[in-house]
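Chemist: any chance you could fold what I've pasted below:
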Amino acid sequence: QVQLAESGGGLVQPGGSLRLSCAASRFGISPYPMRWYRQAPGKERELVADITSDGRPAGYADSVRGRFTISRDNTRNTLYLQMNRLKPEDTAVYYCYCRALDSGSGSWVDYWGQGTQVTVSS
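Modeler: Reported below is the predicted structural model:
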């Protein structure tokens, strides 16, 4: 079963840093752009950052630009999000996302991880 699994979340003080990882299993991420989303309590899920298949950042939300960096290692089948200078308003569940071609059905499928909680608080 195709799976995306996030890790690296936790509790951090304002101004601190975290690095999130998203490991893919049973499919290769290299052909596909990927994204990080987040969802705070009571708010809609929002796009945080996306990256091209060959590793070029394609865009950041205004609220994180200059503080967060998206990257990927296709050899490790893993997506990353380096988060620096964290603020309390960055508190959310962070999800990775990939739209990939299912080789069995020939259909495009949206894959989501289970999410990892990031809490920024003193």
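
Chemist: packing partners of the longest strand along the chain?
Modeler: Scanning the chain for the strand with the most residues, using DSSP state E, yields strand 92-101. With contacts taken as 3 or more C-beta pairs under 8 Å, 6 or more residues apart in numbering; DSSP states H and E, strand 92-101 sits against strand 3-7, strand 18-25, strand 34-39, strand 78-83, strand 108-112, strand 116-120. Placement of C-beta: from N, CA and C, glycine included.

Chemist: kindly recompute the last result at 7 Å.
Modeler: In terms of contacts (3 or more C-beta pairs under 7 Å, 6 or more residues apart in numbering; DSSP states H and E), strand 92-101 is packed against strand 3-7, strand 34-39, strand 108-112, strand 116-120.

Chemist: which element, helix or strand, includes L47?
Modeler: L47 is located in strand 46-51, with elements delineated by DSSP states H and E.

Chemist: return the list of helices and strands in contact with the helix or strand following that strand.
Modeler: Counting by DSSP H and E, the next helix or strand C-terminal to strand 46-51 is strand 57-60. Identification of packing neighbours for strand 57-60 by 3+ C-beta pairs under 7 Å, 6+ apart yields strand 46-51.

Chemist: can you point out the buried residues in the strand it packs on?
Modeler: Neighbour-count burial for strand 46-51 flags V48, A49, D50, I51 (criterion: 16 or more other C-beta atoms under 10 Å).

Chemist: equivalent analysis for stretch 20-27, please.
Modeler: Within stretch 20-27, the residues that count as buried by 16+ other C-beta under 10 Å are L20, S21, C22, A23, A24, F27.
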